[in-house]
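# attaching a predicted model along with its sequence, questions to come.
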Amino acid sequence: MLIAIVTGRKMTRGSLGIEFALFGVVLLVVIRNGKSETWEIGGSISRNVSELYWEEAKESYPPGALMVGLTLVKGAAEIGAVCLDGTLPGYHLSRGWGSGANNWLINLEGGGWCNNLKTCIYRKTTRRGSSRYMEREIVFSGIMSNKRSENPDFYNWNRVKVRYCDGASFTGDVEGENEVNKLYFRGQRIWRAAMADLLVEGMKNAQQALLSGCSAGGLASIIHCDEFRDLMPSRSKVKCLSDAGFFLDVMDVSGVHSLRSMYKGVVTMQGAAKNLPRACTSRMDPAQCFFPQHLLQDINTPLFILNAAYDSWQILSSLAPTAADPQGHWHFCRLNPANCSASQLQVFQGFRMDMLNSLRGLAASRVGGMFINSCFAHCQSERQDTWFAPGSPRLTKTIAESVGDWYFERSPLKEIDCPYPCDKTCHNLLFKSK
């Protein structure tokens, strides 16, 4: 059995939007004022490390939470913009009002990837591959909240969650279907169809717009950032935010580029190469262009990178995956840094330095922004407890204040935390074996 521990302020089960490669029963233990509360979280488990994500328990949303209904994309079928199983894609739209009536925040859902037939066949039986299994309502919290007290800068904007059902960060495009397994790889078409629908819904008049996303959606917000800018009126202020989407091309603890190998499968099988930025694919293997570190130099639209320096997903699934540690030397360390030896902590510090080195160009950018905190976390903009709440993570400011100051140009914002374990405001996601 595995027990997950989130250190910091209490959060509800409905706020979880995290993907991890763990097997067995998963319990979430929230440490609050020295006491713990334990909930069992239903999980979908696959043999592919990118394919586990925790389902949100519908009955556990906090009182008064904003529930937003699912809209299937009109006209998607006509251009072949369908999920892995051939069903229509969808989004959730909460209308803006007042001063935010003509402002748009588009959030691209995350949820790992599928890189071969086995993982994609499995995925199409879940909400990450079929609208048949998507929740008809989801909670909007954090950056998606409609309450000024929870989301001070974007609360009254038009806020949209675009559902993720292609398994390639909205980039795949293969004509026809896999006849034997009835699979459709159409992520790029889903992106285009969703954006076309939202333009008709009023986004064509956007005065201000922000493209965001978490994890695989955060990667998608980087890949599609300039495309998004091109869709908006020329007079609009348009920027992009990637939360936990800065996946690094690094060797794992066995000396193998395991994430590079997985991305190679995604890009090749799903026909994504032609939809990745050409400035990158013209100079290197298209699979390398799934790594943001190779994309940043060619992005023209202002971009904000929000990432934990010790990203929990990357530690579990890329830096120290179980396949790279057959003897189990990293088993306890990868679940909780308190269990690490000095040499293992040095590996984590090396990972942090690789991230900071990859962000040097953005750090020097006049229009870019960043918030890199030294936490063991993954996705911090969509959870209320980490976005904007009493006890939220902060450097000089909370994440919400930092993103808002950068977007509205109230102050330049490039915040980099000191190395672990100096930050006492983290809401760390840790694990125990039991």
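It's in. Numbers count the residues shown, from 1 in each chain.

# I figured Phe431 hits Ala338, correct?
No: look at Phe431 against Ala338 with Cβ atoms under 8 Å: they stay out of range, at 11.1 Å. C-beta here means a position set from N, CA and C on the backbone, and glycine is covered the same way.

# just confirm Leu430 is within a strand.
Yes: when DSSP: H, G, I helix; E, B strand; the rest coil is applied, Leu430 is found to be in a strand.

# gap between it and Ser365?
33 Å (Cβ to Cβ, to the nearest Å).

# just Thr322 next, same as before
When Thr322 is compared with Ser365 (using Cβ to Cβ), they lie 37 Å apart.

# enumerate every residue touching the residue nearest to Ala77 when sequence neighbours are not counted.
Nearest residue to Ala77 in three dimensions, chain neighbours excluded: Leu88, at 6.3 Å (Cβ to Cβ, 6 or more residues apart in numbering). Shown in contact with Leu88 (Cβ atoms under 8 Å, 6 or more residues apart in numbering): Leu72, Val73, Ala76, Ala77, Val82, Ser131.

# sec struct for Asp230, please.
Local secondary structure at Asp230 is given as helix here, using three-state DSSP.

# what about it, neighbour count?
11 (other Cβ atoms under 10 Å).

# circling back: pick out whichever of Phe431 and Ala338 has more residues nearby.
Phe431 (22 against 10).

# how close does the spatially closest residue to that one that is not a sequence neighbour sit to Asn428?
Of all residues not flanking Phe431 in the chain, Leu335 sits nearest, at 3.8 Å (Cβ to Cβ, 6+ apart). Remark: distance between Leu335 and Asn428 (Cβ to Cβ) = 11 Å.

# with Cys379 instead?
13 Å.

# thinking again about what came up before, these two touch, right, the residue nearest to Phe431 and Leu429?
No: in terms of Cβ under 8 Å, Leu335 does not count as a neighbour of Leu429; the distance is 10.0 Å.

# show me which positions of stretch 206-221 end up buried.
Residues of stretch 206-221 classed as buried under the neighbour-count rule (16 or more other Cβ atoms under 10 Å) are 206, 208-221.

# and the end-to-end length of it?
End-to-end distance for stretch 206-221, by Cα to Cα, to the nearest Å: 18 Å.

# cool, and stretch 279-294?
Stretch 279-294 has an end-to-end distance of 10 Å (Cα to Cα).

# ok, now stretch 369-381?
So stretch 369-381: terminal residues 15 Å apart, Cα to Cα.

# do the same with stretch 211-224
Note: stretch 211-224 ends 9 Å apart using Cα to Cα.

# try stretch 87-106
End-to-end distance (Cα to Cα), stretch 87-106: 22 Å.

# ok, now stretch 211-219?
Terminal-residue distance, stretch 211-219 (Cα to Cα): 11 Å.

# could I get the average pLDDT for it?
Averaged over stretch 211-219, pLDDT sits at 98.

# can you list the residues that contact that stretch?
17, 19, 105-113, 143, 164, 169, 220-221, 224-225, 228, 238-247, 290, 292, 313, 378-379, 381-382.

# filter those residues down to the ones in strands?
Members of these lying in strands (criterion: DSSP state E): Leu105, Ile106, Asn107, Leu108, Val238, Lys239, Cys240, Leu241, Ser242, Asp243.

# can you pick the most crowded of those residues?
In the ones in strands among the contacts of stretch 211-219, the most neighbours by other Cβ under 10 Å go to Asp243, 33 neighbours.

# ok, that one to Gly350 distance?
According to Cβ to Cβ, Asp243 and Gly350 sit 23 Å apart.

# try Ala65
40 Å.

# one more: Leu199?
Counting by Cβ to Cβ, the gap from Leu199 to Gly350 is 44 Å.

# look at those two and report which has more neighbours.
Set side by side, Leu199 and Gly350 show more neighbours around Leu199, with 15 against 12, by other Cβ under 10 Å.

# can you list contacts of the helix or strand harbouring the more buried one?
Using DSSP states H and E, Leu199 sits in helix 187-200. Applying Cβ under 8 Å, 6+ apart, the contact partners of helix 187-200 are 73-76, 79-83, 89, 91, 93, 104, 106, 160, 162, 165-173, 203, 220, 224, 227-228, 231, 270, 272, 275.

# can you give me the buried ones in it?
Gly187, Gln188, Arg189, Ile190, Trp191, Arg192, Ala193, Ala194, Met195, Ala196, Asp197, Leu198.

# for the protein, just list every one of the helices.
117-123, 187-200, 216-223, 225-231, 258-269, 278-281, 312-314, 331-335, 342-358, 360-364, 384-387, 399-407 (DSSP state H).

# of all the buried residues of stretch 206-221, which comes closest to Leu345?
Ser215 (24.6 Å; Cβ to Cβ).

# please name the nearest non-neighbouring residue to the closest one.
Gly110 (3.2 Å).

# is it true that that neighbour touches Val162?
No: Gly110 lies out of contact with Val162 (Cβ under 8 Å); the separation is 10.8 Å.

# ok, the two, which is more surrounded?
Neighbours around Gly110 and Val162, counted as other Cβ under 10 Å, are more numerous at Gly110. The numbers are 29 against 26.

# ok, the more buried one to Arg128 distance?
For Gly110, the distance to Arg128 - Cβ to Cβ - is 9 Å.

# give me every residue that touches Lys237.
Gln207, Gln208, Ala209.

# ok, now which ones touch the second one?
Translated: Gln208. So Gln208 contacts Asn102, Asn103, Trp104, Trp157, Ser236, Lys237, Val238 (Cβ under 8 Å, 6+ apart).

# do the first one as well
Under the criterion of Cβ under 8 Å, 6+ apart, the neighbours of Gln207 are Asn102, Asn103, Arg235, Ser236, Lys237.

# of those residues, which pair is most distant in space?
Asn103 and Arg235 (13.2 Å).

# so which of the two has more stuff around it?
More crowded of Asn103 and Arg235, by other Cβ under 10 Å: Asn103, with 21 against 7.
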